[in-house]
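Student: just a sequence and a predicted model for now, questions to come.
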Amino acid sequence: MLDTLIAGLLRGNVYALGAVGISLVFGVMNVVNFAQFSFFGLGAMLAWFLVAEQGLPFWLALPIVLLVCAGLGLLINVAVVRPLAKFLPLAAMLSTYAVSQILDNASQIAFTAQFRVFPEVLPTSNLHLGTMAFGTSDVVMLGTTAVVMVVMSLFLKYGKVGQAIRATAQDQEAALQMGIPVGMVQHVSFVIASALGGLAGVFIALYVGVANPSSGLDIGLTAFVAATLGGLGSLVGAVVGGFVLGILEAFGIHFFGDTAREIVVFVVLLAVLIVRPGGLLGKVPLLSAEPLTGTFLGKGRPLRIPRWVWPVAFVIGGVVLPLVASPYVLVTGTQVLVYAVIAAGFTLTAGQAGVLALGQAGPIALGAYASALLTLQLHLSFWVALPAAGLIAAVLASIVSAPIWGVKGHYLAIATLGVGAAIVAVVQLVLPQGIYGIPAPELGAVSLASPIGWYLIDFGVLVVTLLVMWRIRASHLGRVIASVGSDEVAALASGVRARNYRALAFAVSAFFAGVGGSLLAHQYTYIDTTIFTTLMSLLVVTIVIMGGVGLPYGAVVGSLVLIGAMELLRFTPELRIIVYGLVLILVVRFRPGGILVRNA
């Protein structure tokens, strides 16, 4: 058991370093910094390159890594994040996600995507405590973290800049009135956070023995959970959350195996947020509105679209394209249509209920697996399994998410991320092998397993989805849900049960996510949980926001841009993701309300 505890402390050591950086930026800028995740992978690869390829001593390579990461962090904040933070918190968050995609894929271009064996710069098993062996590397990692935390604590308590950081984190407006250079404080915070991310990346590579450009996402998400667990904005909480999570994760793996790791991580997160919505040492949010979307809803109004556009779009999309398009275009079109279905349903949650749910991959996975099992095990028709999959996804996602609707502020969005990840992890635990041979739909005795057949099915489902969403938006129910997203306090004063209506909006979104999952499963004919990742959830979010967060038809535009247009760069996957990130940054900068939303 002692070796498990030590393993947990070493894991928690890395999570604590990453969580401090995330909490620092959040506290000062009120921004969830996804770019921080990329510094984990980048720091590891830079250290590997300097030590293994250039032959530099580890103690010389380490400060170089910190300087490079700090410099990149400053550049990112100056060029992208801070200019957008003054528009909307959501815009800045999306920009950090776009930057993370650019950094990850630029790193893959520079170093390739292969896993690299990290040099054994320090002994890893030369020390013993009873029957347990550990190494100098473990002691150095824990000691370095302790030194960093002590220095950070002294800097924030006694340093002039550190005190300015604390004041800015406590109240940015008051700090400005007192003459504190908030812009400089934000730059310093980003530099420190980026350097800590690079340091954490080096330590995790040293701990596991390998480095990879894309390894930052998993570690970064866990560090993000640790920061939330401790309380976003609390640096002490970030350290506590990191070590608590590392220890619980280690014991979870010890007792239940590695497949239960994500379940342990996110169940712990959800349990803490339900009992203490502000995290272990954070402040419980006073505002119940979701800051990332609640302030986003009133930033513009939809562009007025003439009525004749709809029948023309229907004829072009449903008649002309199937007749003239090549099979390649139709296959691409099916992906555009499926994601448009999922995203259109999600506009009810994000655009009207005011909840930026970050875990849509969970309901998508439920729909995909439900449809596959209904057709393979119960031999139901695809046409029966399709709506049944949506219903199953809505019911199960609603049951799992029921406890989180009392969580407030940013923590509600993070709780939905935990719900989605936990759902996928449970599916992986129950069905670890995936499902093969998922049947294609048939119409009578005719198989529709062709590009044109799938395109027409997906197009029909999208038309029905848009009609249903339009009807909901125009109904009394839609107006009540919108009142919750616009001003929850006023809605509560009017007798509206905001918690119930948010849960209902999420259930509707989960239904269409399940329908989209069913379509994907039958088109792929094979599914496993590696398909339903956090990146899938974030793709749905970016599609919705790019088109217009409250507009179901905006989801079609967002899907066309992010999936259809990006298909032009399919021949170079790394460059395609970089272009995707640049397009997202430009749209957020110049159309912060979305392509189909203009300033009021």
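Tutor: Yep, it's here.
Student: just the helices from the stretch 451-600 of the chain, written as ranges.
Tutor: Taking DSSP state H, counting those that start in this stretch, the helices of the stretch 451-600 of the chain run over residues 451-474, 476-486, 488-493, 498-524, 534-547, 552-559, 573-590.
Student: between these, which gets nearest to Ile438?
Tutor: Shortest distance between Ile438 and those, using CB to CB, is found for helix 498-524: 5.3 Å. From N, CA and C alone the C-beta is placed, and that goes for glycine too.
Student: counting contacts, what elements does that closest one pack onto?
Tutor: On a contact count with 3 or more CB pairs under 8 Å, 6 or more residues apart in numbering; DSSP states H and E, helix 498-524 meets helix 327-347, helix 361-376, helix 382-401, helix 451-474, helix 476-486, helix 488-493.
Student: quick revisit: with distance to Ile165 as extra columns, can I get the helices of the stretch 451-600 of the chain in JSON lines?
Tutor: Listed next are those as JSON lines, based on distance: least, CB to CB, whole Å:
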{"stretch": "helix 451-474", "distance to Ile165": "43"}
{"stretch": "helix 476-486", "distance to Ile165": "33"}
{"stretch": "helix 488-493", "distance to Ile165": "31"}
{"stretch": "helix 498-524", "distance to Ile165": "34"}
{"stretch": "helix 534-547", "distance to Ile165": "29"}
{"stretch": "helix 552-559", "distance to Ile165": "36"}
{"stretch": "helix 573-590", "distance to Ile165": "26"}
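Student: show me the shaky parts of the stretch 501-600 of the chain.
Tutor: Residues of the stretch 501-600 of the chain meeting the criterion pLDDT under 70: 571-574, 598-600.
Student: how much space is there between Gly71 and Leu562?
Tutor: 30 Å (CB to CB, to the nearest Å).
Student: give me the more crowded residue out of the two.
Tutor: Comparing Gly71 with Leu562 by other CB atoms under 10 Å, the one with more neighbours is Leu562, at 23 against 13.
Student: what's the local residue count around the closest residue to that one other than its chain neighbours?
Tutor: Using CB to CB, 6 or more residues apart in numbering and skipping the chain neighbours, the partner closest in space to Leu562 is Ile543 (5.5 Å). By other CB under 10 Å, 27 other residues sit near Ile543.
Student: dump the residue contacts of Ile543.
Tutor: Taking CB atoms under 8 Å, 6 or more residues apart in numbering, we find Ile543 in contact with Tyr339, Ala340, Ala343, Ala555, Gly558, Ser559, Leu562, Ile563.
Student: if we use 6 Å, what do you get?
Tutor: Going by CB atoms under 6 Å, 6 or more residues apart in numbering, Ile543 touches Tyr339, Ala343, Ala555, Gly558, Ser559, Leu562.
Student: between which two of the residues you listed is the distance greatest?
Tutor: Maximum pairwise distance among the contacts of Ile543 (CB to CB): 10.5 Å, between Ala555 and Leu562.
Student: give me the contacts around the helix or strand encompassing Ala47.
Tutor: Secondary structure assignment for Ala47, by DSSP states H and E: helix 35-48. Outside helix 35-48, the residues within contact range by CB under 6 Å, 6+ apart are 21-22, 61, 65, 68-69, 76, 96, 99-100, 103-104, 107, 111, 116, 118, 193-194, 197-198, 200-202, 205, 211, 213-217, 219-220.
Student: please apply the same query to stretch 235-255.
Tutor: The contact list for stretch 235-255 (CB under 6 Å, 6+ apart) reads 4, 7-8, 11-12, 15-16, 19-20, 23, 149, 226-227, 229-231, 260-261, 264-265, 268, 279-282.
Student: do stretch 560-573 as well
Tutor: Against stretch 560-573 from outside (CB under 6 Å, 6+ apart): Thr332, Gln335, Val336, Tyr339, Ile543, Leu575, Arg576, Val579, Tyr580.
Student: can you turn the buried part of these into a ChimeraX selection?
Tutor: This is how ChimeraX selects the buried members of those, with burial counted by 16 or more other CB atoms under 10 Å:
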select :332,335,336,339,543,576,579,580
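Student: format the contacts of stretch 560-573 as a markdown table; extra columns: distance to Trp405.
Tutor: Compiled in a markdown table, the contacts of stretch 560-573 are given as follows (distance: CB to CB, whole Å):
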| residue | distance to Trp405 |
| --- | --- |
| Thr332 | 37 |
| Gln335 | 32 |
| Val336 | 32 |
| Tyr339 | 26 |
| Ile543 | 24 |
| Leu575 | 41 |
| Arg576 | 37 |
| Val579 | 38 |
| Tyr580 | 32 |
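Student: Lys160 - how many residues pack around it?
Tutor: Residues lying near Lys160 (other CB under 10 Å) number 8.
Student: who's in contact with it?
Tutor: Contacts here follow CB under 6 Å, 6+ apart; on that basis Lys160 touches nothing.
Student: now it: how far from Val185?
Tutor: Shown here: Lys160 relative to Val185, a distance of 11 Å by CB to CB.
Student: lowest-scoring secondary structure element of the protein by mean pLDDT?
Tutor: Lowest on mean pLDDT, DSSP states H and E among the helices and strands of the chain sits helix 291-294, with a mean of 46.
Student: show me the shaky parts of the stretch 201-350 of the chain.
Tutor: By pLDDT under 70, the low-scoring segments of the stretch 201-350 of the chain are 259, 283-300.
Student: show me the shaky parts of the stretch 51-200 of the chain.
Tutor: By pLDDT under 70, the low-scoring segments of the stretch 51-200 of the chain are 85-91, 129-132.
Student: ok, Val191 - contacts?
Tutor: Listed by CB under 6 Å, 6+ apart, the contact set of Val191 reads Ala70, Gly73, Leu74.
Student: Thr416 versus that one, what's the distance?
Tutor: Distance, Val191 to Thr416, by CB to CB: 31 Å.
Student: what does Ala205 give?
Tutor: According to CB to CB, Ala205 and Thr416 sit 31 Å apart.
Student: cool, and Thr4?
Tutor: 31 Å.
Student: between the two, who's got more neighbours?
Tutor: Thr416 (26 against 16).
Student: any idea how far Leu199 is from the more buried one?
Tutor: 30 Å.
Student: now for Lys160 and Val185: what residues contact both?
Tutor: Taking CB under 6 Å, 6+ apart as the contact rule, Lys160 and Val185 have no neighbour in common.
Student: show me the contacts of helix 35-48 that map onto helices.
Tutor: The helices, defined by DSSP state H, take in 21-22, 61, 65, 68-69, 76, 96, 99-100, 103-104, 107, 111, 193-194, 197-198, 200-202, 205, 216-217, 219-220 from those.
Student: and those residues, which of them are buried?
Tutor: Burial by neighbour count, judged by 16+ other CB under 10 Å, picks out 21-22, 61, 65, 68-69, 76, 96, 99-100, 103-104, 107, 111, 193-194, 197-198, 200-202, 205, 216-217, 219-220 from the ones in helices among the contacts of helix 35-48.
Student: ok so, going back, now, of the contacts of Val191, which are buried?
Tutor: Using 16+ other CB under 10 Å as the burial test, the contacts of Val191 include Ala70, Gly73 as buried.
Student: and the contacts of Val191 as CSV, adding distance to Pro432?
Tutor: Listed next are these as CSV, based on distance: CB to CB, whole Å:
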residue, distance to Pro432
Ala70, 41
Gly73, 39
Leu74, 44
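Student: tell me, how many residues neighbour Arg11?
Tutor: Residues near Arg11, counting by other CB under 10 Å, number 24.
Student: which residue, other than its chain neighbours, is closest to it?
Tutor: Nearest residue to Arg11 in three dimensions, chain neighbours excluded: Gly246, at 3.6 Å (CB to CB, 6+ apart).
Student: still on that earlier bit, now do the helix holding Ala47: distance to the chain's middle.
Tutor: Taking CA atoms, centre = their mean, to the nearest Å, the mean C-alpha location of helix 35-48 is offset from the chain mean by 18 Å.
Student: which residues touch Val272?
Tutor: Taking CB under 6 Å, 6+ apart, we find Val272 in contact with Leu229.
Student: doesn't it lie inside a helix?
Tutor: Yes. The assignment for Val272 (DSSP: H, G, I helix; E, B strand; the rest coil) places it in a helix.
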